[in-house]
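Trainee: Sequence first, predicted model second:
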Amino acid sequence: METKKWILSFGVLWTILFSGLSFYWAMGGMFGVRSLGGSIYEMALNPPPSFVKIVWITGFIKLLGALLLMMLLIKWRKSWIQTTLYLITKICGLLLFLYGLFNFITISLGAMDVLNLELERYATFWRLVFWEPYWMVGGILYFFSIKKTN
């Protein structure tokens, strides 16, 4: 396995920024929340304790991605560990990308009135211009942070 250190570094940075935003929101920060729209925005306006806990938990789960990427830098003695990390990283990258892509398609269909989404224009714009592409970029970074060598 060969790590692409510069891609991996951007993946770690991407992950830290992403998790940091969750921590900021969990502490009550509101910058950028309106851009999410829908029920998430509504809940963030007057969050019940369970919602705040979920936002904290998502921040920590996102940080696990940075740990995963950093584990790729270790030269493991057992090849099965490296292979497992390789597969997990590829799968995570694919899932991150597909999540962003499917949301992008769904929100685009909502914007064209093909689907009935309760997402205001402001949130639709930011989801299509920033949030969903952000997910896809993260997926690309994870996916290409390591490659198999023969």
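Mentor: Yes, it's here.

Trainee: how near is residue 123 to residue 131?
Mentor: Distance of residue 123 to residue 131, given as Cβ to Cβ, to the nearest Å: 9 Å. Where C-beta positions appear, they are placed from N, C-alpha and C, glycine not excepted.

Trainee: Ignore what I typed, I meant residue 40.
Mentor: Residue 40 is 11 Å from residue 131, by Cβ to Cβ.

Trainee: okay, these two: which has more neighbours?
Mentor: Between residue 40 and residue 131, residue 131 has the larger neighbour count (other Cβ atoms under 10 Å), namely 19 against 14.

Trainee: Just confirm that one is within a strand.
Mentor: No - going by DSSP: H, G, I helix; E, B strand; the rest coil, the assignment for residue 131 is helix, not a strand.

Trainee: Can you tell me the closest non-neighbouring residue to the residue nearest the centre of the chain?
Mentor: Centroid-nearest residue in the chain: residue 135, 4.8 Å away (criterion: Cα atoms, centre = their mean). Of all residues not flanking residue 135 in the chain, residue 100 sits nearest, at 2.9 Å (Cβ to Cβ, 6 or more residues apart in numbering).

Trainee: Surely residue 85 is in contact with residue 71?
Mentor: Yes - applying Cβ atoms under 8 Å as the test, residue 85 and residue 71 come out as touching, 5.6 Å apart.

Trainee: Show me which of these two is the more surrounded one.
Mentor: Legend: neighbour count by other Cβ under 10 Å for residue 85 and residue 71, higher for residue 85 (18 against 15).

Trainee: What residues of whatever helix or strand that one lives in count as buried?
Mentor: Residue 85 belongs to helix 79-111 when assigned by DSSP states H and E. Within helix 79-111, the residues scored as buried using 16 or more other Cβ atoms under 10 Å are 82, 85-86, 89-90, 92-93, 96-97, 100, 103-104, 106-107, 110-111.

Trainee: Over to stretch 44-63?
Mentor: Result for stretch 44-63 [16+ other Cβ under 10 Å]: buried residues 44, 47, 52, 55, 58, 59, 62, 63.

Trainee: what do you get for stretch 26-37?
Mentor: By 16+ other Cβ under 10 Å, the buried positions in stretch 26-37 come out as 26, 33, 35, 36, 37.
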